[in-house]
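A.B. asks: this one's sequence-less:
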């Protein structure tokens, strides 16, 4: 039986080590691992990256690809599972580029997280440490990412910021 928090958020910049840390956190629980993937492969480089990451995780993970609607996958998770949702940033980008209602998408995500029987570890980019973007779409994304991170951090029992591979606990205690 795991003593893992019901909801955890792992933040960090690009290539900060946040996904690797989140995977290790999930693996340490001993629960059945579910990888909820939000990335989409629009080119060969991204396709190769997704394949490489799946191989690195190994066969002990059940992968569910859900670039937009996370609720069905979260509803499938059982109490003896743990879900790694990687990542909120790609999920948000997918909705933004599809010109979906971001508030409605966020509300649906929060409801699905509340209803999920398994603990969930979410990975998200911290984008507030950079320069102000030079175009409207990028500023809209940065603002939306900041808002969703704040909402998820407030709801999470554990929040960790990973910098250069080093985890800094912002809220809660590592299990």
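C.D. replies: Received the coordinates, thanks. Computed from a prediction, not measured in an experiment: that's the story for all the values here.
A.B. asks: any idea how far residue 174 is from residue 137?
C.D. replies: Distance check for residue 174 against residue 137: by C-beta to C-beta, to the nearest Å, it reads 36 Å. Where you see a C-beta, it was placed from the backbone N, CA and C, and this is true even at glycine.
A.B. asks: for the longest helix along the chain, the distance to its chain's centre please.
C.D. replies: Selection of the longest helix in the chain by residue count, based on DSSP state H, yields helix 136-155. Taking the mean C-alpha point of helix 136-155 and that of its whole chain, the gap between them comes to 13 Å (C-alpha atoms, centre = their mean, to the nearest Å).
A.B. asks: where does pLDDT dip in this structure?
C.D. replies: Scanning the chain with the threshold set as pLDDT under 70 gives 1-2.
A.B. asks: report back the residue of it that's furthest from centre.
C.D. replies: residue 134 (26.0 Å; C-alpha atoms, centre = their mean).
A.B. asks: now it: which helix or strand?
C.D. replies: With elements delineated by DSSP states H and E, residue 134 resides in a region that no helix or strand encompasses.
A.B. asks: how far away is it from residue 142?
C.D. replies: Separation of residue 134 from residue 142 (C-beta to C-beta): 11 Å.
A.B. asks: contacts only, for residue 147.
C.D. replies: Neighbour list for residue 147: residue 106 [criterion: C-beta atoms under 8 Å, 6 or more residues apart in numbering].
A.B. asks: can you pull out the helices in the chain?
C.D. replies: Chain-ordered helices for the chain, with DSSP H as the definition, fall at 18-27, 44-57, 71-76, 88-97, 102-115, 136-155.
A.B. asks: dump those helices to JSON lines, plus distance to residue 36.
C.D. replies: Supplementary listing: the helices of the chain in JSON lines, determined by distance: least, C-beta to C-beta, whole Å:
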{"stretch": "helix 18-27", "distance to residue 36": "11"}
{"stretch": "helix 44-57", "distance to residue 36": "12"}
{"stretch": "helix 71-76", "distance to residue 36": "5"}
{"stretch": "helix 88-97", "distance to residue 36": "9"}
{"stretch": "helix 102-115", "distance to residue 36": "10"}
{"stretch": "helix 136-155", "distance to residue 36": "14"}
